[in-house]
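K.L.:
coordinates only, no sequence provided:
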């Protein structure tokens, strides 16, 4: 009987030690996780501090403030297959980074109006009326303008008037 009691006491003390080990392992995992988290935060902070000026300049290069604009008003276009029954009146504003690009566009205004007309008369009334296709039309006009100027000068294009009758 003493043997059984002694075995039971040994088993109980082993169980207590195992429970303490589990609690210690749980605390160790939490401590290890906290250390890793602190090290990652410190590393991220160091990287951002080192490269912040470059990041700031890169993000500010996308701002649209300070651009130069070349406007073309009231271009009248007869859509494809409209037989002169429908027309589009459009006014455009091209945004440039440099004032020299605006001056070049001013010199080429006749060619630009012609290119806009050539692109827009290829579109049907349904295509010109569709909001989804308007972005594609913008991209086509920007590409055509850049081709005409011989460089990637156009930053953006705005339709300041877009009336279909």
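P.N.:
Right, received. Where do you want to start? Predicted model only: the values in this text are computed from it and were never measured.

K.L.:
got the residue ranges for the strands in the chain?
P.N.:
With strands called from DSSP state E, the chain shows them at 68-77, 88-96, 154-164.

K.L.:
if you compare those strands, which one is most tucked away?
P.N.:
Each of the strands of the chain was scored by mean neighbour count; the highest is strand 88-96, a mean of 19, by mean count of other Cβ atoms under 10 Å. In short, each C-beta sits where N, CA and C put it, glycine included.

K.L.:
adjacent strands (with direction) for that strand?
P.N.:
Strand partners for strand 88-96, identified by DSSP bridges, are recorded as strand 68-77 (antiparallel), strand 154-164 (antiparallel).

K.L.:
can you report how many residues lie near residue 51?
P.N.:
Neighbouring residues of residue 51 were enumerated by other Cβ atoms under 10 Å; the total is 11.

K.L.:
what separation is there between it and residue 60?
P.N.:
14 Å (Cβ to Cβ, to the nearest Å).

K.L.:
what do you get for residue 29?
P.N.:
In this view, residue 29 and residue 60 are 44 Å apart by Cβ to Cβ.

K.L.:
which residues of the protein score low on pLDDT?
P.N.:
1-25, 61-66 (pLDDT under 70).

K.L.:
re the thing from before, to residue 123, which of the strands paired with strand 88-96 lies closest?
P.N.:
strand 68-77 (8.4 Å; Cβ to Cβ).

K.L.:
quick one: contacts of that closest one?
P.N.:
Residues external to strand 68-77 that are found in contact with it (Cβ atoms under 8 Å, 6 or more residues apart in numbering): 87-99, 101-102, 105-106, 109, 112-113, 116-117, 120-121, 160-161.

K.L.:
repeat that with 7 Å
P.N.:
Here strand 68-77 makes contact (Cβ atoms under 7 Å, 6 or more residues apart in numbering) with 87-96, 98-99, 101-102, 105-106, 112-113, 116-117, 120-121.

K.L.:
also stretch 105-121?
P.N.:
Stretch 105-121 is contacted from outside by 70, 72, 75, 77-80, 88, 92, 94, 140-141, 144-145, 148-149, using Cβ under 7 Å, 6+ apart.

K.L.:
which member of these is positioned nearest residue 165?
P.N.:
Within the contacts of stretch 105-121, proximity to residue 165 (Cβ to Cβ) peaks at residue 88, which comes in at 7.8 Å.
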